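Participant: Provided below for reference: sequence and predicted model.
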Amino acid sequence: MDHPNEAAVVAAGEHGAETEHTGPGWSVYWKVAVILTILTIGEVWVYYIPAFVASRLFLPTLLSMSALKFVIVVMFYMHLKYDHKLFRTLFTGPLIVATSILFALLFLFGHLRLGHGG
Amino acid sequence: MIGYNRLRRFAPLGVAAVLALALAACAQSYPNSTFTPHSDLGRSIDFLWNRLMFFGTIVFVLVEGALIYVVIRYRRKSEDVTPPQTHGHVILEITWTLIPAAILAFIAVPTVRTIFETQAPAPANSLVINVYGHQWWWEFEYPEYKFTTANEIYIPKGRTVDLVLHAKDVIHSFWVPQLAGKRDAIPNHTNHIWFTPDSNMATTVWNGFCTEYCGDSHGEMHFRVVTVTPEQFASWVTRQQAPGFFGPPAAPPPTAIASASAAGAATTKSDSAAPAAASTAAPAAAPVAPVYGPTASPALLASYVLPHSEVPEYAIPHTPLPDAIKFDDKLTGDPAAGEKLFVGAGTCNACHSVSGNPLAVGTIGPNLTHVGSRITIAAGMYLNDKAHLSRWIKDARIMKSGVLMPTLGKGQYDPQTKATMPAGLSDQQIADLVAYLQALK
Amino acid sequence: MATSVIETIPAHLKPFVPSPIPTTVQTYGTSIWGWITTTDHKKIGALYLFTALFFFLVGGIEAEIIRAQLGGPNRHLVSAETYNQIFTMHGTTMIFLAIMPLSAAFFNFIIPLQIGARDVAFPRLNAFSYWIYLLGGLFISIPILFGHGPNAGWFGYAPLTTKAYSPGINIDFWVVGLQILGISSLAAGFNFITTIINLRAPGMSLMRMPVFTWMAFIVQFMIVLAFPVVTIALFFLLLDRFFGTQFYEVASGGDPLLWQHLFWIFGHPEVYILVLPAFGLVSEVLPTFSKKPLFGYPVMIYSGILIGFLGFGVWAHHMFAVGMGPIADSVFGVTTMLIAIPTGVKIFNWIGTIAQGQFKATSASLFAIGLVSLFTIGGISGVMHSSPPADLQQTDSYFVVAHFHYVLFGGSIMGIFAGIYFYFPKMFGRMMDEKLGKTHFWLTFIAMNLTFFPMHFSGMLGMPRRIYTYDAGQGWEAFNQTSTWGAYLLFVASLFFMYNFFKSLRSGRPAGPNPWGAGTLEWTIPSPPPPYNFAVLPNVTSRYPLWEGKQADIESARINQQSGRSAEELGIVLPYNTIKPFLAAFFLVLMFSGLIVGHWLIFASAAAMVLAFYGWLTSPLEPEHH
Amino acid sequence: MSTATVSHHYSSTGLANRKIAIWAFIGSECMLFVSLISTYLIYKDRSVVGPYPHTPWTDPSTGHVYHAILNIPVTSASTFILLMSSLAMVLALSAVENKGKPQRNLGERILGNSKLWLFMTALLGLGFLGCQAYEFTSFVNEGLTIKTNLFGSTFFTLTGFHGAHVTAGVIWILSMLFIDMKRGLGPSDALNVDIMALYWHFVDVVWVAIFTLVYLIR
Ligand code: HEA
Ligand code: HEA
Ligand code: CUA
Ligand SMILES: [Cu+2]
């Protein structure tokens, strides 16, 4: 009676705590790097086209290019696409809260007018 | 065994609470009550309050009732009984989600409507008053009539007043509970609150408070709002527009008044001295002659201020005099000597304006042009009488924590610099100053 | 008498043979060195508890001074300057040094036990959190003894806090102190998130997790999302004050509302950080004393999550008077109202838990009832605030003071007292005195209402908050007098608690593993638990392993309850004791104080801190095992 | 005794504690940087005096003309450098993970060289910091300090905060490189490198946002 029950101990199980992520390899990594480079060049390029800067498209274009860069780094380099879905929740949850607050603040300080573009 | 018996005792408490509330809603002894609004805005808020109170009471009674019921009904009588092991009830969950949601809808709809109604721009013919919060007093500017006063405003009944709120240092908040809700005065921001005082109420005084913590003397940053008839208001405006006058009434040549009133206008931060409605028209470029000595016309002296006898008890401050300041109250002062001190040895003019006196144009402290006619000094902290004025001049820093006005009495201790004033005003000089200030009606 | 509690548990609620109630009770040992170097979550929990109770007392004494000053008109017990420091420190102490750490005491003590773990995920980080809390708490609290206490209110609105308007060092202590305390909460947040995600015993699925752990889990997320914002807001202020930046400088175009928004983006989630742990405790207490599982368990969880989430979208309801415009006012008003729905669901489910049960009035369950009844009042006044036009008459008046004391005292503190009476036996192996406890409850309950209910009236009758005195004849005297007498009575009530607490620590009746007949995992092990908590990790098959009579649960409970053996005998590896977290915390606090003391201290202590961290990170957590 | 190893190695998800913690930390950092970025954007056009980010400014008292402050070419380069450091970092991680696998050709030998890639990451990180140091000093020379105006305060604080994160990352990488040189990193260290890499990439994506929101958008 004074011996702990071995069976229960075994039932508790021993799981490896190691993370196994079958991340992508070089073949993906270099492509991602190329896309990132192209996007960066694109961003800087449009910055230097005065007509484009003045147009309504400037802001959305820049924002979507940067968002795209953000997403592919997170998905491939941070291998969120391949990793446990728990991590995705841990990251996207706060990210959603954070971006909502960013937009709310911009609205509150008069930088976003409803019904006008930017 | 303990719970339910004692819980019953709280029934009287609840009843008492409701009674007290009813009492609060009507009694005269609550001079700052928000339950007796005297303006359109006040009533809009009160309408919402009543609705909130109505639903709040229902929720309160139901929840506390249910709680008391289950605690008594399901109290443990025997240790051997095992209750049914229920885990939940879907219909119940849905019900007690939907009912509060419905209640909230009844609150939210009028709330949003009231928000848009009360925050619309003020009507065009409103009386605009620029309010500047300072640590720890209020500056009030009437741009329409071009004069500035402090810690006390008069507003005409029945005319919409649009208070435009600014702050000169930190954030303050403007609140006259009987008239309207609060609105913050924020540096680098301009805020509005507007309302129409009921035209059928009495000519009387309302207490106002600063309600945003703003440092040491936040607790002593009061003001008074006097609601008057339009006629009284017009008359009062005439007086305020006139330069500071003191001494026995004399009959000065009309031009003196005219130029003096131009001088008054010149101190109100406005370049164009456009003729004000109630004052005599004066050419803007008229050379400003210094106005010393008794200058008031009988007409001006007859103009309206709320007689001190009509000031209700709650608007008269009872702050006790600090024992630390000794002053010989028997001294009598000479206003003319006081005026010289004001712009001379007293250095009062470094911070204070008295319109009509080109040497007194300081803007750090309250405008003192008609200080003698005010009910209080130091932003509602003390009664405006000789005893308080003299001690205030002698050692304002003991009178009011953190105050910017320096300690001026000779040999007085200044709690901020932790030093004793080597030089300064004698009691007689202070008495002169007091006489001068009291004469500035 | 001595045997009554456990004997009275009905047959089906004791599915295993309880071990006899011990006659001697384990203690945690008294060596100071042992406490300073500990990494045991239970000892750290106890440290949190003692420290936080101490600060609670400090905050309480500050409250008594406030009330003494306001007991009558034109009183000058303390000067305006002193009063301002006192109310600032009262709010700051109660929120950051009393309630949050009291909750942390329970997180530390209870979470690993409830999920069947041997410790938290990062035991040394845990010790680090505590030491930062203690040292940061002293840092921010001591200046008031010398007349230099922070004096801009607990939310320190800019520009009052800038050098231009607060040239003294009072605010320096506040900025730096809060910055330090934030680190403690953040570190603990990451620690508990990891612990709850990863150290749950086999079978302890999320939907079997005890509700206290669930609420704590939500709170940790709120902490790690809310604190960074105030960290940044404070960092700006720190730069402004020490390095001449312009963030809140009005003359440079700075916007005072920036601080307000950043502060309340933190500040509103913070109030749910303060109350959700109490909700969790009550959700453990009520089922136990009703002998019934928590009513609507999944709904309780979802509503908690919803409250946590909505909590991030309502912050501007603290700013209805600043003139944000009708759209913002409407949006924030309505989102605020929405929070009442999930909160109401909680209230109703607690009532549902008692209904059809077998409610037994004990100190713990009475305090839990106290929470349900008093928090409701505070919630209703909260909803009254949530209507922006109506709030214009309420904001910054004593009506708000009434609201937040009903939710903070009536909610958080009541829940925490329920938790203390409930878990004291588990923490220290001894029972608290029930008679004294019930006296404490009734006095507190009455005095609490006496203190705070009149504030609803004084507020609506025009009394602004944060005023050091008020004039006679304003119609506020009677209400203030009542409040003050109520506060005195609260203090008397607290004496009963203190006496009970210390007496029971020393000579309370030994408790045994499960004195209340509760159903969750923490009650399956001895009281106080052995250093390793569980001799074997339990295999969880139900929400209330001690109640539902599943064979696997009974088996693990039977084993764990009876282990009187040491960790070595069981072959369980425990973390080393280590001084390094203490040193790292010590030098970190010293580094921050360098901002005030002199910049040389920053560099000297930063170097020492890095060394301490280096030693920490390069030394193993626990003995190498084969 | 066989029970010995149970305690600290049991986990409910099979994931490593530290990896969960770093993701929680990264989530928390999102709020930190959003607060900084929001402040920058809120104050964007509110400086009472120049210099300004995108437009020249003439000081009315001295008549001195200040150029638009931001230097897009340099920052574009540093942005590129930081992106490439992320590439180096994933390669370092996969080199560590695949240590001990056969390397059949030069390409695989290069890709499998964790020291090389750690070094490259640190070097690129230092390159980024170099650009930032250059940027900061030239701004100061042009008359913009952290005390000058709202733009200066918010700009230096935001980018400085990010720079501090990069600095911490570089120190972390160099320590890891040091360990690699001392005893060689292998698959059993993969977790440690993984965590470091996550941190590093996060700092990178924050820069992606900053580059667009601060430098490019006008
Ligand atoms: C524990 C902390 C806590 C909690 C839980 C809450 C809960 C709530 N609070 Fe409170 N609040 C504070 C602490 C807290 N508050 C503090 C400290 C301040 C002041 C800060 C300062 O200025 O110093 C403050 C201030 C404050 C304000 C700003 C007031 C002002 O300064 O002008 C507002 C405005 O909307 C508000 C609203 C609410 C609401 C709607 C809730 C809701 O969550 C309440 C929901 C609960 C219920 C409603 C009761 C149960 C529900 C039912 C029984 C269902 C049915 C009910 C209805 C349909 C009404 N609070
Ligand atoms: C958790 C939060 C909390 C708690 C519990 C309290 C408790 C109390 N508070 Fe406080 N209060 C705040 C949070 C809290 N307060 C905040 C945030 C503010 C705003 C500050 C600001 O404006 O900046 C405030 C402001 C505030 C004011 C307004 C001041 C002003 O605006 O000028 C007043 C006035 O009466 C007041 C009174 C009281 C009283 C009488 C108590 C009493 O309930 C206190 C009773 C408690 C005790 C007497 C201590 C008992 C101690 C123990 C039981 C532990 C001892 C045990 C051992 C050592 C083993 N409080
Ligand atoms: Cu001004 Cu408070
Ligand atoms: Cu809130």
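Facilitator: Okay, I see it. Numbers count the residues shown, from 1 in each chain, chains lettered A, B, ... in the order given. Ligands and ions are numbered 1, 2, ... in the order given.

Participant: for chain D, which spans come out with low pLDDT?
Facilitator: With pLDDT under 70 as the threshold, chain D has low-confidence stretches at D:1-9.

Participant: residue boundaries of the helices in it?
Facilitator: D:6-9, D:17-42, D:72-97, D:106-111, D:114-142, D:150-183, D:190-210 (DSSP state H).

Participant: would C:Gly29 count as being in a strand?
Facilitator: No. According to DSSP: H, G, I helix; E, B strand; the rest coil, C:Gly29 belongs to no strand; its state is coil.

Participant: Count the residues that sit near it.
Facilitator: Neighbours of C:Gly29 under the rule other CB atoms under 10 Å in any protein chain shown: 10. Every residue, glycine included, has its C-beta placed from N, CA and C.

Participant: quick one on the thing from earlier: and the helices of chain D: which comes nearest chain A?
Facilitator: helix D:17-42 (3.3 Å; CB to the nearest CB).

Participant: For ligand 2, give me its nearest residue in chain C.
Facilitator: Residue nearest to ligand 2 within chain C: C:Gly60 (2.1 Å; CB to the nearest ligand atom).

Participant: Next one: that residue relative to B:Pro84, how far apart?
Facilitator: Noted for C:Gly60: a distance of 42 Å to B:Pro84, by CB to CB, to the nearest Å.

Participant: Output the contacting helices and strands for the biggest helix by length in chain A.
Facilitator: The longest helix of chain A (DSSP H) is helix A:85-108. Other elements packing on helix A:85-108 under the criterion 3 or more CB pairs under 8 Å, 6 or more residues apart in numbering or on different chains; DSSP states H and E are helix C:211-243, helix C:256-290, helix D:17-42.

Participant: deepest of those helices, which one?
Facilitator: The highest average neighbour count among these, using mean count of other CB atoms under 10 Å in any protein chain shown, belongs to helix C:256-290 at a mean of 26.

Participant: Check what contacts whichever strand or helix holds A:Met65 and list those residues.
Facilitator: Element membership for A:Met65 (DSSP states H and E) is helix A:58-72. The contact list for helix A:58-72 (CB atoms under 8 Å, 6 or more residues apart in numbering or on different chains) reads A:32, A:35-36, A:39-40, A:42-43, A:46-47, A:52, A:117-118, D:83, D:205, D:208-209, D:211-213, D:216-217.

Participant: Could you do stretch D:193-207 as well?
Facilitator: Residues from elsewhere that reach stretch D:193-207, judged by CB under 8 Å, 6+ apart: A:19, A:21, A:69-70, A:73-74, A:77-78, D:18-19, D:22-23, D:25-26, D:29, D:33, D:79, D:82-83, D:85-86, D:89-90, D:92-93, D:96-97, D:114, D:121, D:125, D:162, D:165-166, D:169, D:172-173, D:176, D:185.

Participant: Report how many residues lie close to the residue of the stretch 51-200 of chain C found nearest ligand 3.
Facilitator: Nearest to ligand 3 in the stretch 51-200 of chain C, going by CB to the nearest ligand atom, is C:Leu160, at a distance of 9.3 Å. Using other CB under 10 Å, C:Leu160 has 25 neighbouring residues.

Participant: Next one: the residue lying closest to D:Asn113 once chain neighbours are set aside from C:Ala402, what distance?
Facilitator: Leaving aside its chain neighbours, D:Asn113 sits nearest to D:Ala95 (6.0 Å; criterion: CB to CB, 6 or more residues apart in numbering or on different chains). Per CB to CB, D:Ala95 is found 64 Å from C:Ala402.

Participant: Kindly report the same for A:Trp45.
Facilitator: A:Trp45 is 61 Å from C:Ala402, by CB to CB.

Participant: Which one's more surrounded, the two?
Facilitator: C:Ala402 (26 against 11).

Participant: give me every residue that touches the more buried one.
Facilitator: Contacts for C:Ala402 were tallied using CB under 8 Å, 6+ apart; they are C:Ser381, C:Phe452, C:Phe453, C:Met455, C:His456, C:Gly459.

Participant: quick one: what helix or strand has the second one in it?
Facilitator: Okay, so that is C:Phe452. Going by DSSP H and E, C:Phe452 is part of helix C:434-460.

Participant: how about that helix, does it get close to ligand 1?
Facilitator: No. Remark: helix C:434-460 sits outside contact range of ligand 1, by CB under 6 Å from any ligand atom, the gap being at least 10.4 Å.

Participant: tell me what that helix is packed against?
Facilitator: For helix C:434-460, the packing partners by 3+ CB pairs under 8 Å, 6+ apart come out as helix B:10-26, helix C:363-385, helix C:388-394, helix C:398-407, helix C:414-428, helix C:477-507.

Participant: Burial check on the closest residue to B:Ile364 other than its chain neighbours, number of neighbours?
Facilitator: Counting by CB to CB, 6+ apart, the nearest residue to B:Ile364 once its immediate chain neighbours are dropped is B:Cys351, at 3.9 Å. For B:Cys351, the neighbour count with other CB under 10 Å is 16.

Participant: before we move on, the earlier item: please, a ChimeraX command that selects the buried ones among the contacts of stretch D:193-207?
Facilitator: With 16 or more other CB atoms under 10 Å in any protein chain shown as the criterion, this ChimeraX line picks the buried residues out of these:
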select /A:19,21,69,70,73,74,77,78 /D:18,19,22,23,25,26,29,33,79,82,83,85,86,89,90,92,93,96,97,114,121,125,162,165,166,169,172,173,176,185
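
Participant: Check the contacts of stretch D:193-207 one by one and keep those near ligand 2.
Facilitator: Within the contacts of stretch D:193-207, nothing lies near ligand 2 by CB under 6 Å from any ligand atom.

Participant: Ligand 1 versus A:Ala51, what's the distance?
Facilitator: Remark: distance between A:Ala51 and ligand 1 (CB to the nearest ligand atom, to the nearest Å) = 48 Å.

Participant: Show the contacting residues for that residue.
Facilitator: Applying CB under 8 Å, 6+ apart, no residues contact A:Ala51.

Participant: name the element it belongs to?
Facilitator: Using DSSP H and E, A:Ala51 sits within helix A:50-54.

Participant: How far off centre is that helix?
Facilitator: Here the centre of helix A:50-54 is set off from its chain's centre by 29 Å, with CA atoms, centre = their mean, to the nearest Å.

Participant: And stretch D:128-146, by the same measure?
Facilitator: Taking CA atoms, centre = their mean, one finds stretch D:128-146 lying 17 Å from the centre of the chain it belongs to.

Participant: Counting neighbours, which bits of it end up buried?
Facilitator: The neighbour-count check on stretch D:128-146 (16+ other CB under 10 Å) flags D:Phe128, D:Leu129, D:Cys131, D:Gln132, D:Glu135, D:Phe136, D:Phe139, D:Gly143, D:Leu144, D:Ile146 as buried.

Participant: quick check, nearest of those to ligand 3?
Facilitator: D:Ile146 (31.1 Å).

Participant: got TSV for the helices and strands packed on helix C:434-460, with mean pLDDT too?
Facilitator: Below are the helices and strands packed on helix C:434-460 laid out as TSV (pLDDT from 0 to 100):
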stretch	mean pLDDT
helix B:10-26	57
helix C:363-385	97
helix C:388-394	96
helix C:398-407	97
helix C:414-428	97
helix C:477-507	96
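
Participant: so which of those helices gets nearest B:Glu79?
Facilitator: helix C:363-385 (14.6 Å; CB to CB).

Participant: quick one: is the closest one near ligand 1?
Facilitator: Yes. Under the criterion of CB under 6 Å from any ligand atom, ligand 1 is reached by helix C:363-385 at C:Thr376, C:Gly379, C:Ile380, C:Gly382, C:Val383, C:His385.

Participant: can you put those in a markdown table and add neighbour count?
Facilitator: As requested, the residues of helix C:363-385 next to ligand 1 are arranged in a markdown table below (neighbours: other CB atoms under 10 Å in any protein chain shown):
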| residue | neighbour count |
| --- | --- |
| C:Thr376 | 23 |
| C:Gly379 | 26 |
| C:Ile380 | 21 |
| C:Gly382 | 22 |
| C:Val383 | 24 |
| C:His385 | 21 |
